[in-house]
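J.: output the structure for:
(one chain, ligands or ions: 1)
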Amino acid sequence: MQTIQIKDKRFRTFIPEADILREVGRVADEITRDLDGKNPLFVSVLNGSFMFTADLLKRLDMACEVSFVKLASYEGVASTGKVKELVGLNEDISGRTVVIVEDIVDTGLTMQRLLETLEARQPAEIRIATLLLKPDKLQVKLDIDYVAMKIPNDFIVGYGLDYDGLGRNYRDIYTVID
Ligand code: 5GP
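T.: Here you go, the predicted structure:
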């Protein structure tokens, strides 16, 4: 087990790279089995999913496309507080098979917002692929088609996920100690 320090927090190894890649490979096989021939468009949500997206797409043995988007937060004009708007999607997705690629689904609110935004553009179907899912935190009903790994509620970093901007570069996934 390896311990790392990021700012005020210590983390320990939680999921080693080999285990991550095995599960990413399994998800890639499932996606290939389900979507081969449909030329799906993978919509990768930055920043956290860049590493997962790269490893996943390298393992897909089929024709596909990828686009990278961001959910930008801005203060809403009404009292709703923060609103998240999708930026960066230039493709016409109407009639297409779209696969959202996320790093982690926690409460599910981000994914719900993303689904609403994409559905308005009338794709043929939308599937969700997430590297990680915290099932006990989920607050909304979501049909998640592909989940690489389910994890407990603890805060994690590495393999694309950050703590205050740091830690995305680690190959393994780490969980917080204190
Ligand atoms: P949700 O809207 O599902 O609650 O939140 C999803 C977003 O919260 C993720 O895309 C990610 O940016 C962030 N997040 C949730 N849990 C964690 C975690 O354990 N570690 C890190 N680094 N980010 C997390």
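J.: C-alpha from now on. contacts and neighbour counts both.
T.: Fine.
J.: the top strand by length along the chain: partners in the sheet, and parallel or antiparallel?
T.: Determined from DSSP state E, the single longest strand within the chain is strand 65-75. Take DSSP bridges as the rule and strand 65-75 pairs in its sheet with strand 41-46 (parallel), strand 82-87 (antiparallel).
J.: any buried residues in it, and which?
T.: 66, 68-71 (16 or more other Cα atoms under 10 Å).
J.: so what touches it?
T.: 39-47, 81-89 (Cα atoms under 8 Å, 6 or more residues apart in numbering).
J.: what does the protein have sitting close to the ligand?
T.: 103-110, 154-157, 161-163 (Cα under 6 Å from any ligand atom).
J.: got a quick PyMOL command for the buried subset of these?
T.: In PyMOL, this line selects whichever of those come out buried by 16+ other Cα under 10 Å:
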select buried, resi 103+104+105+106+107+108+156+157+161+162
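J.: that older thread, quick one: distance of the longest strand of the chain to the chain centre.
T.: 12 Å (Cα atoms, centre = their mean, to the nearest Å).
J.: all further residue positions should be reported with the first residue as 64.
T.: Got it, the first residue is 64 from now on, which makes the last one we talked about strand 128-138.
J.: tell me the average confidence for the lengthiest helix in the chain?
T.: The longest helix of the chain (DSSP state H) is helix 80-98. The average pLDDT within helix 80-98 is 98.
J.: so what secondary structure elements neighbour it?
T.: If contacts are counted by 3 or more Cα pairs under 8 Å, 6 or more residues apart in numbering; DSSP states H and E, helix 80-98 sits against helix 113-121, strand 209-213.
J.: each with direction, which strands does the last one pair with?
T.: Yep, that's strand 209-213 we're talking about. Using DSSP bridges, the strands paired with strand 209-213 are strand 188-196 (parallel).
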